[in-house]
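> take this sequence and fold it.
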Amino acid sequence: VVEFIKKYKNFNLIPHSPKDYSFPEKGSRWAVTKDRFREYVKFNQYVSFIQQIYLKHDMSVAMRGHGQLNAIAVNMPSLYFSTQDKVRDFSLKNGFGNYNIDIKEKEWQQKLNHCMNRMLNDESYLKQWYEIRNEKMLEFRQQFAECVSEMTEIISNENCRK
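Residues are numbered from 1 along each chain as shown. The predicted structure follows:
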């Protein structure tokens, strides 16, 4: 992962925390440190963090589940670096398999380079990401609405018993 970060520094990568990586340059301009992340969350709330960090970039390579979900939520084209099973599983379950880079595969670095090149230069690949995302967002919003409705009903029923 460190070699990946060194190679793509000019893309202004923004890992969230040095706990996940051994940065070759601690405190570099492209690394969002744990303290800086906490500062954003504490003083500006998480939405401001997304606005100030995520929305300034054309694409992302998400390395954790929250990065994957944030990128999809803000409509940021992204690749998913499967450092966790939940990242891989979400990608495969929701149609983003062509955008998933599984680090357990032997040729993962070549696949990452290929997919990054396609994301930046292949309109059909990028368009497909947007189509999958837009279709899934309809489903996600429906699931969320159903969950809120169910929770509201449970809370209302609990209040009626008191």
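
> for the chain, what spans make up the helices?
Along the chain, the segments classed as helices by DSSP state H run 2-7, 34-39, 45-52, 65-73, 85-93, 108-121, 123-161.

> buried ones in the longest one, by neighbour count?
Neighbour-count burial for helix 123-161, with 16 or more other Cβ atoms under 10 Å as criterion, is recorded at 125-126, 128-129, 132-133. Glycine gets a C-beta too; all of them are placed from N, C-alpha and C.

> of the helices of the chain, which shows the lowest average pLDDT?
The stretch with the lowest mean pLDDT among those is helix 2-7, which comes in at a mean of 58.

> top strand in this protein by residue count?
Among the elements of the chain assigned as strand by DSSP state E, the one spanning the most residues is strand 78-82.

> check contacts around residue 103.
For residue 103, the contacting residues are 81-83, by Cβ atoms under 8 Å, 6 or more residues apart in numbering.

> put the alpha carbons of stretch 100-118 into CSV.
What follows is stretch 100-118 as a C-alpha-only set of coordinates in CSV (Å, rounded to 0.1, in the frame of the first residue of the first chain):
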residue,chain,number,x,y,z
ASN,A,100,-13.4,-3.6,-6.9
ILE,A,101,-9.7,-4.3,-6.5
ASP,A,102,-9.1,-7.3,-4.3
ILE,A,103,-5.6,-7.1,-2.7
LYS,A,104,-5.6,-10.9,-2.3
GLU,A,105,-5.5,-11.3,-6.1
LYS,A,106,-2.0,-11.9,-7.4
GLU,A,107,-2.2,-9.1,-10.1
TRP,A,108,-4.0,-6.5,-7.9
GLN,A,109,-1.6,-3.7,-8.7
GLN,A,110,-1.9,-4.1,-12.4
LYS,A,111,-5.7,-4.3,-12.0
LEU,A,112,-5.7,-1.1,-10.0
ASN,A,113,-3.6,0.7,-12.6
HIS,A,114,-5.9,-0.6,-15.3
CYS,A,115,-9.1,0.4,-13.5
MET,A,116,-7.7,3.9,-12.5
ASN,A,117,-6.8,4.5,-16.2
ARG,A,118,-10.2,3.4,-17.3
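
> looking at the buried residues of helix 123-161, which is nearest residue 146?
Proximity of these to residue 146 was ranked by Cβ to Cβ; the top entry is residue 133 with 20.2 Å.
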